[in-house]
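*Asks:* Just need the structure, nothing else, for what follows:
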Amino acid sequence: MNIQKESRFINLDLVLLKNILHKSFWTNSLLKRVNMMEGELSKLAFLNLTAALARIIMSENKNTTQFSITTSREYWEEKTYEEIKKATYLNPLFDPGFKAFLGEDQALKSFLNGAFHLDVEHRIESVSIKNIEINIIFPATKTFRLDIRATTADGRCFNIEMQKAKPAHFVERVLLQHSAFLLQSKYEQDKDFLDNFPENPTDKERHERDDRFYKIPQTIAIWICDFHIENQDGYRGSWMVKNEKGLTVTDKIEYIMYDLTQFSIPKDKIRTDEERWLYLLKTAGTSDNLPDFDDRVIANAIKRLLVKTASEKLLREQAKNMVMTEEELDYLASLKVRAHDEGLEQGRVEMALAMLADNEPVEKIVKYSHLPESKVLELKKSLANETHK
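*Replies:* Residues are numbered from 1 along each chain as shown. Predicted structure coming up:
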């Protein structure tokens with residue numbers, strides 16, 4: 001089949017393709033080629049570059065589109081595992097590598113101190129990494145599982161998320177996940193207090209319990225995103241709850257958003273802990289020799305990414321995570337539906353243009369093409385303009 005010939009029937013969103021390719025082991029080469037061809041060649045780019053991933057077949061006589069994708073996870077996991085074994089480092093932009101890299105007390109403490117630009121006097125001295133499961137009862141199939149969750153000795157609660165591909169309704173996802181994170185943090189804070197509450201409390205102790213009823217802990221969410229964050233200038237953005245005058249309503253809820261696509265500081269210009277960690281996160285997946293910046297904590301974090309010393313379990317988890325998840329399969333389903341719907345629409349347009357060329361009446365064209373009359377009249381006018389050129 002000539003895929004290029006059939007591509008004129010398909011109009012697919014290249015952004016969806018990029019979201020899918022973010023989780024394939026051939027990400028770098030394909031994405032570079034997609035970016036190069038984006039624009040007037042985007043439809044052909046999609047069809048040509050995903051031939052190994054999908055078959056697109058247009059049946060002109062039935063005006064239907066079939067879109068099929070290799071669904072054997074075992075096959076793709078094994079192929080991805082083989083590709084990982086060829087690399088020097090695990091890519092920390094994927095969940096297992098990310099947790100191996102930052103999910104250790106000293107590394108996390110260094111990262112957080114860098115993220116908050118804390119001076120020596122106010123630096124975080126210790127962190128405690130918590131269970132990432134959220135036990136909030138939620139009436140939906142979506143479960144809450146955070147990437148890295150931690151608390152500090154002074155009661156601050158952190159959620160650090162690595163987001164490789166941009167999900168639908170990204171901002172809503174951030175808010176929803178933070179709501180669950182806040183409730184979990186509140187629950188744990190109150191449980192620790194109430195577990196040690198005396199059976200016969202004094203008035204002062206009762207007052208303290210009453211004071212805690214609606215008191216919430218400080219919760220800070222840090223999102224590290226490997227995609228462009230809309231309405232954010234620069235690689236770092238800070239979000240808080242503010243009123244219409246721009247005044248902060250509460251300092252108990254804070255978001256720090258990192259856009260790695262806007263982080264471009266070269267190695268020789270790196271100066272702060274924040275820049276060091278972001279540089280390593282962005283470059284580890286494609287590097288053969290990461291700098292440790294003469295920092296013992298960073299050097300140890302880099303060692304945890306080394307493929308040659310990584311456990312078989314970690315390598316397999318990384319491969320599994322790099323193959324499409326249920327969420328990404330939902331993207332594929334959306335893509336399939338769009339390909340089908342837009343293919344049918346284009347087929348109807350082709351039919352209407354052919355009937356117009358044969359001078360068929362508009363009513364007949366509407367009947368057989370299933371296009372609205374306004375669309376047929378628009379096509380008729382367009383065809384007449386082309387004829388008179």
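
*Asks:* Cross-check the contact I'm expecting between Arg236 and Met257.
*Replies:* Yes - taking Cβ atoms under 8 Å as the definition, Arg236 is a contact partner of Met257 at 7.4 Å. Bear in mind the C-beta positions are built from the backbone N, C-alpha and C, glycine included.

*Asks:* more crowded one of these two?
*Replies:* For Arg236 versus Met257, the count of surrounding residues by other Cβ atoms under 10 Å is larger for Met257: 20 against 16.

*Asks:* what bridges to the more buried one?
*Replies:* According to DSSP bridges, Trp223, Gly237 are recorded as the beta-bridge partners of Met257.

*Asks:* show me the residues around it that make contact.
*Replies:* Taking Cβ atoms under 8 Å, 6 or more residues apart in numbering, we find Met257 in contact with 223, 225, 229, 232, 236-239.

*Asks:* which two from the residues you listed end up farthest apart in space?
*Replies:* Greatest spatial distance in the contacts of Met257: Cys225 and Ser238, 14.2 Å, computed using Cβ to Cβ.

*Asks:* If you count surrounding residues, which of these two has more?
*Replies:* Neighbours per residue (other Cβ under 10 Å) separate Cys225 from Ser238, with Cys225 holding more: 23 against 10.

*Asks:* correct me, but the more buried one touches Gln262?
*Replies:* No - Cys225 sits out of contact with Gln262 when judged by Cβ under 8 Å, with a separation of 9.9 Å.

*Asks:* Need the overlap of contacts for Arg236 and Met257.
*Replies:* Common neighbours of Arg236 and Met257, using Cβ under 8 Å, 6+ apart, do not exist here.

*Asks:* what are the ranges of the strands in the stretch 151-300 of the chain?
*Replies:* Here the stretch 151-300 of the chain has its strands, by DSSP state E, counting those that start in this stretch, at 157-163, 219-225, 236-242, 248-259.

*Asks:* got a markdown table for those strands, with mean pLDDT and distance to Ala115 too?
*Replies:* Shown next, in a markdown table, are the strands of the stretch 151-300 of the chain (pLDDT from 0 to 100; distance: least, Cβ to Cβ, whole Å):
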| stretch | mean pLDDT | distance to Ala115 |
| --- | --- | --- |
| strand 157-163 | 93 | 9 |
| strand 219-225 | 95 | 6 |
| strand 236-242 | 91 | 9 |
| strand 248-259 | 93 | 6 |
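
*Asks:* want to throw those into CSV with distance to Leu278?
*Replies:* Supplementary listing: these in CSV, determined by distance: least, Cβ to Cβ, whole Å:
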stretch, distance to Leu278
strand 157-163, 12
strand 219-225, 8
strand 236-242, 9
strand 248-259, 6
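
*Asks:* Could you list the low-pLDDT ranges of the chain?
*Replies:* Applying pLDDT under 70 to the chain flags residues 1-72, 133, 135-143, 324-343, 386-389.

*Asks:* Buried ones in stretch 94-112, by neighbour count?
*Replies:* Neighbour counts over stretch 94-112 (16 or more other Cβ atoms under 10 Å) mark 94-104, 107-112 as buried.

*Asks:* I should have written stretch 255-271 there, sorry.
*Replies:* Residues of stretch 255-271 classed as buried: 255-260, 263, 270 (neighbour count, 16+ other Cβ under 10 Å).

*Asks:* what about that stretch, start to end distance?
*Replies:* 23 Å (Cα to Cα, to the nearest Å).

*Asks:* now it, how far from the chain's geometric center?
*Replies:* Computed by Cα atoms, centre = their mean, to the nearest Å, the separation of stretch 255-271 from the middle of its chain amounts to 18 Å.

*Asks:* pretty sure Gln163 is in contact with Cys225, am I right?
*Replies:* Yes - proximity of Gln163 to Cys225 meets the contact threshold set by Cβ under 8 Å, at 4.7 Å.

*Asks:* Just want the most central residue of this structure.
*Replies:* Most central residue of the chain, judged by C-alpha distance to the mean C-alpha position with Cα atoms, centre = their mean, is Ala165 at 2.9 Å.

*Asks:* I figured that residue hits Phe227, correct?
*Replies:* Yes - with contacts counted by Cβ under 8 Å, Ala165 reaches Phe227, the gap being 6.6 Å.

*Asks:* In stretch 146-156, which residues are buried?
*Replies:* 146-152, 156.

*Asks:* likewise stretch 208-218?
*Replies:* The neighbour-count check on stretch 208-218 (16+ other Cβ under 10 Å) flags 216-218 as buried.

*Asks:* quick one: contacts for Ile148?
*Replies:* By Cβ under 8 Å, 6+ apart, the contact set of Ile148 is 98-99, 102-103, 108, 129, 132, 158-161.

*Asks:* in the stretch 101-250 of the chain, which spans are helices?
*Replies:* In chain order, the stretch 101-250 of the chain shows helices spanning 105-115, 170-195, 203-211, with DSSP state H, counting those that start in this stretch as the criterion.
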